[in-house]
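Asker: sharing a sequence plus its predicted fold:
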Amino acid sequence: MRTTGIFEAKQNFSELIAAVEAGEEVRITRHGKEVVRMLPVKRQPVITDEQIERELAAMHELRSRIKPGPGWRELRDEGRE
């Protein structure tokens, strides 16, 4: 994490952007008080399409094995009247 004042940030803006692109967090202060925090944008998705497909397939498989027991309609409709 890098901390810099506004004047220094204006003078070295391109350098600060490069640091953020490299994964560093930059905080800019005014009179010693933080006013800006620059964070890198996450470029990789948190979960891949393959992982999503695998999880959905597992959920569908589980759902096909679970059958509602007797009385489920009454429980569902209990608060609907």
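Answerer: That came through, no problem.
Asker: tell me which element residue 14 is part of?
Answerer: Applying DSSP states H and E as the criterion places residue 14 in helix 13-21.
Asker: list the helices and strands that helix packs on?
Answerer: Contacts defined by 3 or more Cβ pairs under 8 Å, 6 or more residues apart in numbering; DSSP states H and E place helix 13-21 against strand 2-5, strand 26-30, strand 33-38. (C-beta placed from N, C-alpha, C; glycine too.)
Asker: partner strands of the last one and their direction?
Answerer: Think strand 33-38. Strand pairing for strand 33-38, using DSSP bridges, gives strand 26-30 (antiparallel).
Asker: please identify the buried residues of the helix or strand in which residue 51 is found?
Answerer: For residue 51, the host element (DSSP H and E) is helix 49-65. Using 16 or more other Cβ atoms under 10 Å as the test for burial, helix 49-65 gives no buried residues.
Asker: where in this structure is pLDDT low?
Answerer: Low-confidence segments of the chain, defined by pLDDT under 70: 43-45, 81.
Asker: quick one on the thing from earlier: just the C-alpha atoms of the helix holding residue 14, please, in CSV.
Answerer: C-alpha atoms of helix 13-21 as CSV (Å, rounded to 0.1, in the frame of the first residue of the first chain):
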residue,chain,number,x,y,z
PHE,A,13,-0.2,10.3,-11.5
SER,A,14,1.1,8.0,-14.3
GLU,A,15,3.4,6.3,-11.9
LEU,A,16,0.6,5.8,-9.4
ILE,A,17,-1.7,4.3,-12.1
ALA,A,18,1.1,1.9,-13.1
ALA,A,19,1.4,0.8,-9.4
VAL,A,20,-2.3,0.2,-9.2
GLU,A,21,-2.3,-1.8,-12.4
